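Build me a structure from this.
(one chain, ligands or ions: 1)
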Amino acid sequence: MNFERGTTNRAREISLKWISENLTDSKEVISLGLPEYDDRFDAWRVPLHHQNGKKVHLGEIKLNNQAESIVGFTEVSLIKERIKKIKDHKPEKAQKRRKTLFQPAAIPNQVILGNSLNVLSDFPPDTAQLVFTSPPYFNAKPEYSEYVDYQDYLDFMGEIIKKCHEILSEGRFFIINTSPVLIRRTSRNTSSRRLAIPFDLHVIIEKMGFEFIDDIIWAKPEGAGWNLGRGRRFKADRNALQYKPVPVTEHVMVYRKKTDKLIDWNLRNHHDPQLVEDSKILGDYDVTDIWKIHPGHSKIHPAVFPDELAKRVIQYYSFKKDLVLDPFGGTGTTGRVAQKMDRRFLLIDNEIRYFHHMKNYFEQLEIGGRVDFDIHESFQIK
Ligand SMILES: C[S@@+](CC[C@H](N)C(=O)[O-])C[C@H]1O[C@@H](n2cnc3c(N)ncnc32)[C@H](O)[C@@H]1O
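Numbering: from 1, shown residues only. Okay, here's the model as predicted:
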């Protein structure tokens, strides 16, 4: 294919002419992006942007493989609608520009016993450079559940996510491990219910100011989910419509705190370029979004995630010396692994048993930095 400058210029000229003929009233606000050859469709594509500084995408013009004639374009009415939407949109207050290089808050490793809803409010912006957590499951303890109903649970999660957003550094990652939950049937005449927790949380996470990046599938070996009982009926009766697969996957949902800055900015703006260099992931890595990892087990906690999962998340989404926050710390998997990987940690859990478990573990460690243990003033024994 001919990629010479003449072809790109021709694509531009033809596109500009099309704009002045079809979008006469709006041509001042439209600018052209870089014309590119799309080998899948054997055609040239010229992106159309709004000139409002942020280059919002308005549509595109498609030309034949010599960039000599137009073979397609975004509907004119759609382009006009998009321009109108931008005009009607009130600009958000300009974000304060950082003048200095990024410096994480100087906070030691901490394990705190308390309700994250209260504890997180004590921390300033730039406390955490990564959040990695797996939330309490709605209905995990039906006999003394803390939530009035599922909506109450989602509201609670929304509050936690909002607070995580406030103390996470700009452009950094919020990663949450979840899976749908089964609500067992209450009698022979009712059916069980599956709550799509990952999808319901997704809407909330975006609303709280995060940008969706990835949905990584954590795949466990076959057989891992049989104890849930799902799929047994179908295995026996084989009726259509009764099919239910045994769940052997969980979601590792990856979000970035919304910013107009590229990830490159996070790399370049770091106060210590050597730490960025030392945090490079060399050698083998997970090329795809399916991570095969065995489940975790604990004698004292029913729902731990495996060290290996925390290891992968921490290495891909943080730099050395960053602080990793887990607002639902459990047995402290996130902190244990973070410390081994030369990161700092902040772990919060509202169960006294898990707090003591974490305290015992970190106190017995001979090496590793200082760890503070704290019982939050709002904490009350249940
Ligand atoms: C799924 S577990 C996390 C397990 C952890 N990832 C591990 O590997 O050990 C969720 C944890 O959240 C804690 N939790 C529930 N509600 C909380 C709240 N409001 N504040 C702090 N922790 C809470 C529970 O006690 C539980 O240990």
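
From residue 217, how far off is the residue nearest to residue 223 when sequence neighbours are not counted?
Across the structure, with C-beta to C-beta, 6 or more residues apart in numbering as the measure, the residue nearest residue 223 apart from its sequence neighbours is residue 248 (7.8 Å). All C-beta spots, glycine's among them, are computed from the backbone N, C-alpha and C. Separation of residue 248 from residue 217 (C-beta to C-beta, to the nearest Å): 10 Å.

Residue 339 and residue 251: what is the separation?
According to C-beta to C-beta, residue 339 stands 26 Å off from residue 251.

how many neighbours does residue 88 have?
Neighbours of residue 88 under the rule other C-beta atoms under 10 Å: 7.

repeat for residue 380
When neighbours are counted by other C-beta under 10 Å, residue 380 registers 8.

ditto for residue 223
Neighbourhood size, residue 223 [other C-beta under 10 Å]: 9.

what about it, which SS state?
coil (DSSP: H, G, I helix; E, B strand; the rest coil).

how about the residue of the chain found nearest the ligand, phi and psi?
Of the chain, the residue with the smallest distance to the ligand, taken as C-beta to the nearest ligand atom, is residue 330 at 2.5 Å. Backbone geometry at residue 330, expressed as degrees, to the nearest 10, gives phi 60, psi -120.

Isn't it up against residue 304?
Yes. Judged on C-beta atoms under 8 Å, residue 330 makes contact with residue 304 at a distance of 5.8 Å.

Which one's more surrounded, the two?
Just comparing residue 330 and residue 304: by other C-beta under 10 Å the higher neighbour count belongs to residue 330, 25 against 19.

for that one, what are its contacts?
When contacts are counted by C-beta atoms under 8 Å, 6 or more residues apart in numbering, residue 330 is found next to 134, 301, 303, 304, 349, 354.

at 7 Å instead, please
If a contact means C-beta atoms under 7 Å, 6 or more residues apart in numbering, then residue 330 has 301, 304, 349, 354 as its contacts.

phi, psi of the third one?
Yep, that's residue 349 we're talking about. Comment: the main-chain dihedrals of residue 349 come out as phi -150, psi 150, following degrees, to the nearest 10.

Not including adjacent chain positions, what is the nearest residue to it?
In space, and not counting its chain neighbours, residue 349 is closest to residue 329: 4.3 Å by C-beta to C-beta, 6+ apart.

per-residue pLDDT, the one you found?
Each residue has a pLDDT score; the one for residue 329 is 98.

quick one: it is in a helix?
No. Going by three-state DSSP, the assignment for residue 329 is coil, not a helix.

What residues does it make contact with?
Counted by C-beta under 7 Å, 6+ apart, residue 329 has contacts 111, 335, 347, 348, 349, 354, 358.

On the strand side of things, show who the fifth one bridges to.
Under DSSP bridges, the beta-bridge partners of residue 349 are residue 113.

Tell me how many other residues crowd it.
The burial count assigned to residue 349 is 26, neighbours taken as other C-beta under 10 Å.

Then the second one?
Residue 335 has 27 neighbouring residues, counting by other C-beta under 10 Å.

close enough to count as contact, it and residue 348?
No. Under the criterion of C-beta atoms under 7 Å, residue 335 lies out of contact with residue 348, with a separation of 10.3 Å.

host element of the closest residue in space to residue 272 that isn't next to it in sequence?
Closest residue to residue 272 in three dimensions, ignoring its sequence neighbours and counting by C-beta to C-beta, 6+ apart: residue 321, at 7.7 Å. Remark: residue 321 resides in no helix or strand, with elements defined by DSSP states H and E.

Equivalent analysis for residue 362, please.
Under the assignment here (DSSP H and E), residue 362 is part of helix 352-364.

repeat for residue 37
strand 36-38.

Output the very next helix or strand once past that strand in CSV with nothing but the alpha carbons.
Where DSSP H and E defines the elements, the next helix or strand beyond strand 36-38 is strand 43-50. Below are the C-alpha coordinates for strand 43-50, written out as CSV (Å, rounded to 0.1, in the frame of the first residue of the first chain):
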residue,chain,number,x,y,z
ALA,A,43,-9.4,1.8,3.2
TRP,A,44,-8.2,5.1,4.6
ARG,A,45,-9.9,6.6,7.6
VAL,A,46,-9.8,10.3,8.6
PRO,A,47,-11.0,11.0,12.2
LEU,A,48,-13.0,14.1,12.8
HIS,A,49,-12.4,15.9,16.1
HIS,A,50,-14.0,18.8,18.0
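
Over to residue 202: give its phi and psi.
Taking degrees, to the nearest 10, you get phi -50, psi -50 for the backbone angles of residue 202.

quick one: contacts for it?
In this structure, residue 202 makes contact with residue 253, judged by C-beta under 7 Å, 6+ apart.

Need the per-residue pLDDT for it.
Listed pLDDT for residue 202 reads 98.

Give me the distance between it and residue 211.
The spacing between residue 202 and residue 211, counted by C-beta to C-beta, is 12 Å.

sec struct for residue 211, please.
strand.

Number of residues surrounding it?
Residue 211: 14 neighbours (other C-beta under 10 Å).

quick one: it and residue 259 touch, right?
No. When contacts are counted by C-beta under 7 Å, residue 211 is not listed as touching residue 259 (8.3 Å).

one step back: so who does the residue nearest to residue 223 touch?
Taking C-beta under 7 Å, 6+ apart as the criterion, residue 248 is in contact with 219, 220, 222, 224, 225.

Switch those residues over to JSON lines; also include neighbour count, pLDDT and distance to residue 185.
Compiled in JSON lines, the contacts of residue 248 are given as follows (neighbours: other C-beta atoms under 10 Å; pLDDT from 0 to 100; distance: C-beta to C-beta, whole Å):
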{"residue": "219", "neighbour count": "14", "pLDDT": "97", "distance to residue 185": "28"}
{"residue": "220", "neighbour count": "16", "pLDDT": "94", "distance to residue 185": "25"}
{"residue": "222", "neighbour count": "9", "pLDDT": "81", "distance to residue 185": "26"}
{"residue": "224", "neighbour count": "15", "pLDDT": "75", "distance to residue 185": "23"}
{"residue": "225", "neighbour count": "18", "pLDDT": "69", "distance to residue 185": "18"}
